[in-house]
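Engineer: predicted coordinates and the sequence they were generated for:
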Amino acid sequence: MDTDILLYVAAGFLAQLVDGSLSMAYGLTASSLLLTSGLPAATVSATVHAAECFTTGASAISHHAFGNIDRKLFRKLVIPGVIGAVIGAYTLSTLPVGTLRPMIALYLIVMGGIIIYKVRQDFPSRQITKHLMPLGFFGALIDAIGGGGWGPIVASNLAARGHDIRKTVGTVIAVEFFVTIAASFTFLLTMGLHHLDIIFGLALGGVLAAPFGALLVKKVPVKPFMVFIGIFIITLGAYNFVKAMGYI
C-alpha cells in the first residue's frame with residue numbers, strides 16, 4: 001500500500017469518526033480536500049459518494065446495533081432523499097466544470113458557517129414531525145451537487161428544532177446510506193467510475209472508523225467539535241475559492 005493510499009485511508013478514518021459521531025462533515029471534509037488537489041467538482045462528488053456507499057453502510061449498521069435509529073423519521077426522509085440525490089447528481093454531471101468550482105467553494109464556506117451557527121442553538125428536546133419531506137429532498141439535492149452537506153443541512157436542522165441528538169445522528173446516517181447509493185448510481189450511469197485508489201482509501205478508513213463513531217455519539221463534546229469542523233471547512237472552502245478565481 002503506497003503513501004497516497006495511506007493518506008486517503010487516514011482521511012477516510014478521521015472524516016468518518018467525525019461523521020459517525022455528529023452525522024456531518026464526511027462528505028464536506030473529503031470534498032474540500034479533493035477539490036484542493038485540483039479534481040473537477042463532478043469527479044469529486046462522484047468519488048466521495050462512491051466511498052460513502054461503504055462508510056455510510058457500515059455506520060448505519062453500527063448505529064442500528066446501538067439503538068440510535070428513529071424508524072418513523074427514517075421513513076419520512078428516505079424517499080424524498082433518494083429523489084433529491086438522483087436529481088442533484090444528474091444536474092452536477094451535466095453542468096460546466098469551470099462554472100461549478102467557485103460555486104462549490106462558496107457553498108463549502110456557507111456550510112461551514114451553518115455548522116458553527118448551529119452550535120449556538122439550544123432547544124428543548126422534542127419529536128419533529130413537520131416539513132421532513134422537503135428537508136430530505138433539499139438536503140440530498142445539495143449533497144449530491146456539492147459533494148457533501150446532507151448532515152449539516154438535515155441533522156443540524158433537526159437538532160436545532162429539538163429532536164433527540166442521538167436519534168438524529170443515527171437516523172440521518174441510516175438515510176444517508178440510501179441517498180449515497182442513489183447519487184452514486186446516477187454518477188455511474190452519467191460519468192462512469194474513476195479514481196478507484198481514492199475510493200478504496202476513503203472507504204477503508206471510513207469502514208474502520210464506523211463502530212467508533214457510533215459509540216462516540218453518546219460521549220463526544222459536540223459543540224467544540226462542531227466549531228472545529230466548521231472552521232476547517234470554511235478554511236478549505238476559502239482556499240478553493242481563491243484558487244478557482246486564479247489568485248493563487
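Structural biologist: Structure received.

Engineer: so in the chain, which helix runs the longest?
Structural biologist: helix 165-191 (DSSP state H).

Engineer: immediately after that helix, which helix or strand?
Structural biologist: Scanning forward in sequence from helix 165-191 by DSSP states H and E, the next helix or strand is helix 196-216.

Engineer: what comes up buried for the following helix or strand past that following helix?
Structural biologist: Remark: after helix 196-216, the chain's next helix or strand is helix 222-244, criterion DSSP H and E. Using 16 or more other CB atoms under 10 Å as the test for burial, helix 222-244 gives 222, 225-226, 229-230, 232-234, 236-237, 239-241, 243-244. No exception for glycine: its C-beta is placed from N, CA and C like everyone else's.

Engineer: also stretch 52-68?
Structural biologist: Neighbour counts over stretch 52-68 (16+ other CB under 10 Å) mark Glu52, Cys53, Phe54, Thr55, Thr56, Gly57, Ala58, Ser59, Ala60, Ser62, His63, Asn68 as buried.

Engineer: what mean pLDDT does it have?
Structural biologist: On average, the pLDDT along stretch 52-68 is 84.

Engineer: ok, stretch 115-131 next?
Structural biologist: Rounded mean pLDDT across stretch 115-131 is 65.

Engineer: one step back: so can I have TSV of the buried residues of stretch 52-68 showing distance to Pro102 and secondary structure?
Structural biologist: Shown next, in TSV, are these (distance: CB to CB, whole Å; DSSP: H, G, I helix; E, B strand; the rest coil):
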residue	distance to Pro102	secondary structure
Glu52	24	helix
Cys53	28	helix
Phe54	30	helix
Thr55	28	helix
Thr56	28	helix
Gly57	33	helix
Ala58	34	helix
Ser59	31	helix
Ala60	34	helix
Ser62	37	helix
His63	36	helix
Asn68	37	coil
